[in-house]
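A.B. asks: Build me a model from this:
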Amino acid sequence: MKLRKLAVVLAVASALVFTACESTPTGDKSARNGDSLYKEQKYTEALDSYFEAQERGVNVYKEEKLYAGIADCYCQLGEYEKSIEYYKKSLGIEAANFEALVNLGVSYRKTGDRDKAMESYETALKYDPKNNASVPLYTSLGSVYIEIDKPMSAINYLEKAREFYPEKADIHAYLAIAYKMAFEYAKSEESLAKAKELGYPKIDAIQEQLNKLN
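C.D. replies: Residues are numbered from 1 along each chain as shown. Modelled structure (predicted):
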């Protein structure tokens, strides 16, 4: 009799576990599939998988990562307004996400909103100034400040980029422009020479910009 009661208890416990498993979100697999498809540059298919994961709900897979994955797909597909929407959702959960902040800045810049792009870039740098992705970010900020005629701010960021990566030709090319805008002619010529030495491929375009500043 005791064995029969034990068997009943075990059966009930198994049923409860099975029911609990059935109610557990099952979107994790779809989310991971979205990651794989994204790496294969199948952005539309990846987006479908991410939305399937969102609909089913995720358990282990982080929600902020899911939003960022959706945003990345939209960014790659050129749908920047939608990518901005989902980067914001991701950052609403994890505000210090360096990569999401940088990509949000890229999306803003693609829509022509330089102010918000720079705000996103600068926020990213505050959270993680020595991230491996910081060098191109410093360079991007420097180039944007050149575009809006703020050479001293451009120099500030470009010199930081040069400190991290002194052999990167485009940093010296942009510095040549920023220095000349700031009337630091000797530094401009030195930076231009370094860009040439490092084989900057658009040196003629840089020289043309410098000539316009005479």
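A.B. asks: centroid residue for the protein?
C.D. replies: The residue lying closest to the centre of the chain (Cα atoms, centre = their mean) is N103, at 3.0 Å.
A.B. asks: any idea how far it lies from L91?
C.D. replies: 10 Å (Cβ to Cβ, to the nearest Å). For the C-beta atoms, the positions are set from N, CA and C on the backbone; glycine is no exception.
A.B. asks: now swap in N156 and tell me
C.D. replies: For N156 relative to L91 (Cβ to Cβ), the value is 25 Å.
A.B. asks: Equivalent analysis for V106, please.
C.D. replies: In terms of Cβ to Cβ, V106 sits 14 Å off from L91.
A.B. asks: ok, back up a step: list the contacts for the residue nearest to the centre of the chain?
C.D. replies: A68, A71, D72, C75, S83, Y87 (Cβ atoms under 8 Å, 6 or more residues apart in numbering).
A.B. asks: Give me the phi and psi angles of it.
C.D. replies: Dihedral pair for N103: phi -70, psi -30, per degrees, to the nearest 10.
A.B. asks: Could you do K150 as well?
C.D. replies: Main-chain torsions, K150, degrees, to the nearest 10: phi -130, psi 80.
A.B. asks: could the contacts of N103 be laid out in TSV, adding distance to Y138?
C.D. replies: Compiled in TSV, these are given as follows (distance: Cβ to Cβ, whole Å):
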residue	distance to Y138
A68	22
A71	23
D72	22
C75	21
S83	23
Y87	20
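A.B. asks: Can I get those in CSV including secondary structure, pLDDT and neighbour count?
C.D. replies: CSV is the format used below for those (DSSP: H, G, I helix; E, B strand; the rest coil; pLDDT from 0 to 100; neighbours: other Cβ atoms under 10 Å):
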residue, secondary structure, pLDDT, neighbour count
A68, helix, 97, 25
A71, helix, 97, 27
D72, helix, 97, 25
C75, helix, 96, 21
S83, helix, 98, 26
Y87, helix, 97, 29
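A.B. asks: now, which of the residues you listed sits nearest K39?
C.D. replies: D72 (10.8 Å; Cβ to Cβ).
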